[in-house]
Each structure stands twice: as structure tokens, then as C-alpha cells.
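>>> Fold the stuff below for me.
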Amino acid sequence: MNVDHEVKQLVEEIHRLGTKNADGQLSVKFGVLFADERCANVFEALVGTLRAAKRRKIITYNGELLLQGVHDNVDIVLLQD
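As a prediction, this is how the structure comes out:
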């Protein structure tokens, strides 16, 4: 799968599932993304896609590696579309 394409799909899913935070930025909890059925079908490796998007400064979140359960409440913040 093309990484650029998956990152664009991730941005679309954050728009679909996210809400505006106190700073006016769109954000979504990792657990919401991970548990979403559509995301499960679209992303073969959600964590890898998140890391690629973070390296490109499209999103940000605390930490390096997100794990289901442990990091469900971590906010993933969209920095750019």
C-alpha cells in the first residue's frame, strides 16, 4: 500500500471521527480510531500509518508507539490537511 495514500485516508478518518479540541484543532482518541470498523478495514497497519503521518508533521500525539488498551485515551491531533 502507498504510504502517502494511507496518510490521506487517515486524515479523512480523523475528519470523520474527530472533534475540535480547546485549541480549535481536530483530534480523535487512539482508541476510537483503533476500534472503528471502517478504520480496521482500511488500514492494514494503523500504528505504522500514524507514525508515518507524525514523521510528516501531519498529526501529533504523545509518545512514539501506541498500543491498544494502554494508549486508548491518547489524543491524535491533526496539524494539517
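
>>> Tell me where the protein has strands.
19-20, 26-29, 59-60, 75-78 (DSSP state E).

>>> Mind listing the residues bridging to the residue nearest to Val77 when sequence neighbours are not counted?
Spatial nearest neighbour of Val77, excluding adjacent residues (Cβ to Cβ, 6 or more residues apart in numbering): Ser27 at 4.5 Å. C-beta: built from backbone N, CA, C; applies to glycine. Beta-bridge partners recorded for Ser27 (DSSP bridges): Thr19, Val77.

>>> ok, Ser27 touching Ile76?
Yes. Counting by Cβ atoms under 8 Å, Ile76 is a contact partner of Ser27 at 6.3 Å.

>>> and for these two, which residues touch both?
The contact sets of Ser27 and Ile76 overlap at Ile14 (Cβ atoms under 8 Å, 6 or more residues apart in numbering).

>>> Who has more neighbours out of those two?
Ile76 (24 against 21; other Cβ atoms under 10 Å).

>>> who touches that one in this structure?
Ile14, Ser27, Val28, Lys29, Phe30, Leu33, Leu50, Ile59, Thr60, Tyr61.

>>> Compare those and tell me which has the most neighbours.
Neighbour counts for these (other Cβ under 10 Å) peak at Ile59, which has 26 neighbours.

>>> residues contacting the spatially closest residue to it that is not a sequence neighbour?
Nearest non-adjacent residue to Ile59, counting by Cβ to Cβ, 6+ apart: Ala53, 4.6 Å away. Counting by Cβ under 8 Å, 6+ apart, Ala53 touches Val7, Leu10, Val11, Ile59.

>>> Confirm for me that Leu33 is in contact with Val42.
No. Assessed by Cβ under 8 Å, Leu33 is found out of contact with Val42, at 10.4 Å.

>>> Quickly list what's touching both of those two.
Jointly contacting Leu33 and Val42 under the rule Cβ under 8 Å, 6+ apart are Glu13.

>>> re earlier: can you tell me which of the contacts of Ile76 comes closest to Val3?
Leu50 (11.6 Å; Cβ to Cβ).
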